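A.B. asks: starting from these lines, generate the structure:
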Amino acid sequence: MTAMTTRLNVPTAGRRRAGGWVLVAAEFGFTALYAVCFYLALARAAELTGHWYIPSQNDSFTAELDITGSWPWAALVMAVVSSGFMVAVLAFFVSLIVLLSGYAKGHRRLTVALIASTVTMVLLLVATLTPAATSVSGWLLD
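C.D. replies: Numbers count the residues shown, from 1 in each chain. Predicted structure coming up:
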């Protein structure tokens with residue numbers, strides 16, 4: 001009879017940290033999606049008025065216009081730009097918990113990626129609190 005050595009943990013060793021990479025990808029992906037949606041909102045305001053500006057609630061240029069009419073991206077842009085602050089706060093705390101719990105211990109690339117995505121969430125949080133972002137968000141919800 002021959003003895004056969006099996007290593008059950010070797011094929012799954014890379015998968016144990018897949019959740020961290022998914023978190024990093026989701027955070028970077030949402031940040032990119034927020035930037036694209038914010039640009040689309042500004043482009044829609046420019047399309048409606050004929051010039052580039054930061055729209056606000058009840059502004060004189062678009063007060064009487066239906067900003068979502070015949071705009072295929074309206075629902076996505078409204079959802080992403082309006083929820084940017086909440087998603088940034090939640091993602092920041094999740095990243096912080098993952099970093100402080102030692103989840104990525106021994107995985108230098110994952111640790112660096114988690115730190116970078118946490119910093120990106122802080123920057124997104126700051127960006128969503130600027131007067132321009134709150135003005136555009138209010139304009140979309142008006």
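A.B. asks: distance check, Pro20 against Ala32.
C.D. replies: That one is not Pro; residue 20 is Gly. Going from Gly20 to Ala32 by Cβ to Cβ, to the nearest Å gives 19 Å. (Each C-beta comes from the backbone N, C-alpha and C, glycine too.)
A.B. asks: those two: which is more packed in?
C.D. replies: Gly20 (21 against 11; other Cβ atoms under 10 Å).
A.B. asks: give the contact list for that one.
C.D. replies: 98, 103-104, 107, 110, 113-114 (Cβ atoms under 8 Å, 6 or more residues apart in numbering).
A.B. asks: from the residues you listed, which is closest to His51?
C.D. replies: Proximity of those to His51, judged by Cβ to Cβ, is greatest for Ala113, which lies at 40.4 Å.
A.B. asks: measure how buried the closest one is and give me the count.
C.D. replies: 19.
A.B. asks: for the top helix by length along the chain, buried residues please.
C.D. replies: Determined from DSSP state H, the single longest helix within the chain is helix 18-49. Neighbour-count burial for helix 18-49, counted by 16 or more other Cβ atoms under 10 Å, picks out 20-21, 23-24, 27, 30-31, 33-34, 37-38, 40-42, 44-45, 48.
A.B. asks: residue closest to the middle of this structure?
C.D. replies: Phe30 (2.3 Å; Cα atoms, centre = their mean).
A.B. asks: in terms of pLDDT, where does it sit?
C.D. replies: Predicted confidence (pLDDT) for Phe30: 98.
A.B. asks: next one: Glu64
C.D. replies: 86.
A.B. asks: ok, Ile97 - how many residues close by?
C.D. replies: Ile97 has 10 nearby residues by other Cβ under 10 Å.
A.B. asks: just the element for it, please.
C.D. replies: helix 74-100 (DSSP states H and E).
A.B. asks: so which elements touch that helix?
C.D. replies: Helix 74-100 is packed against helix 18-49, helix 108-128, helix 131-141, with contacts defined by 3 or more Cβ pairs under 8 Å, 6 or more residues apart in numbering; DSSP states H and E.
A.B. asks: now the first one against helix 131-141, angle please.
C.D. replies: Per axes from the mean of the first three to the mean of the last three Cα atoms, to 10 degrees, the angle that helix 18-49 makes with helix 131-141 is 70 degrees.
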